[in-house]
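> The following comprises the amino acid sequence and a computationally predicted model.
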Amino acid sequence: MFYRQYYVYILSNQRHTVYYVGVTNDLIKRVWEHKNKLANGFTKKYNVDQLVWFDVTNDVEGAISSEKRIKRWKRSWKENIIKEKNPLFEDLYTSIVHS
């Protein structure tokens, strides 16, 4: 049986002053779209194109619920979950493209 994967992700800008939380079933494609400014809106306006955190699940409802919950979090809480997996706030995009 095939299980689709869903990703909850956090993007930031170069100086890590802005965070964007999203959900997708194709993380590589979605981050590529953000990096290439293909979607008008928040990420294009604030140059938010660095993947700093993501989580994966097979549960679409759980992914959407997590996205909504994280969007309501304080900035410091978002930074804490980023630091757990990515203490240097590196752009994780190249590591997932080449994995």
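Received it, and whenever you're ready, just let me know what you need.

> Helix or strand next in line after the longest helix seen in the chain, which one?
Longest helix in the chain by number of residues, with DSSP state H as the criterion: helix 60-72. Sequence-wise, the next helix or strand downstream of helix 60-72 (DSSP states H and E) is helix 75-85.

> got the angle for that next one vs helix 60-72?
When axes from the mean of the first three to the mean of the last three CA atoms, to 10 degrees is applied, the directions of helix 75-85 and helix 60-72 differ by 120 degrees.

> Buried residues, helix 75-85. List them.
Within helix 75-85, the residues scored as buried using 16 or more other CB atoms under 10 Å are 78, 79, 82. In short, each C-beta sits where N, CA and C put it, glycine included.

> could I get the longest helix of the chain in CSV with only the CA atoms?
C-alpha atoms of helix 60-72 as CSV (Å, rounded to 0.1, in the frame of the first residue of the first chain):
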residue,chain,number,x,y,z
VAL,A,60,-2.7,14.7,6.3
GLU,A,61,-5.0,15.9,9.0
GLY,A,62,-2.2,15.8,11.5
ALA,A,63,0.1,17.8,9.2
ILE,A,64,-2.6,20.5,8.7
SER,A,65,-3.3,20.6,12.5
SER,A,66,0.5,20.9,13.2
GLU,A,67,0.8,23.7,10.7
LYS,A,68,-2.1,25.7,12.2
ARG,A,69,-0.7,25.1,15.7
ILE,A,70,2.8,26.2,14.9
LYS,A,71,1.5,29.3,13.1
ARG,A,72,0.0,30.4,16.4
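
> Check which helices and strands it is in contact with.
Judged by 3 or more CB pairs under 8 Å, 6 or more residues apart in numbering; DSSP states H and E, the packing partners of helix 60-72 are strand 6-12, strand 19-24, strand 50-57.
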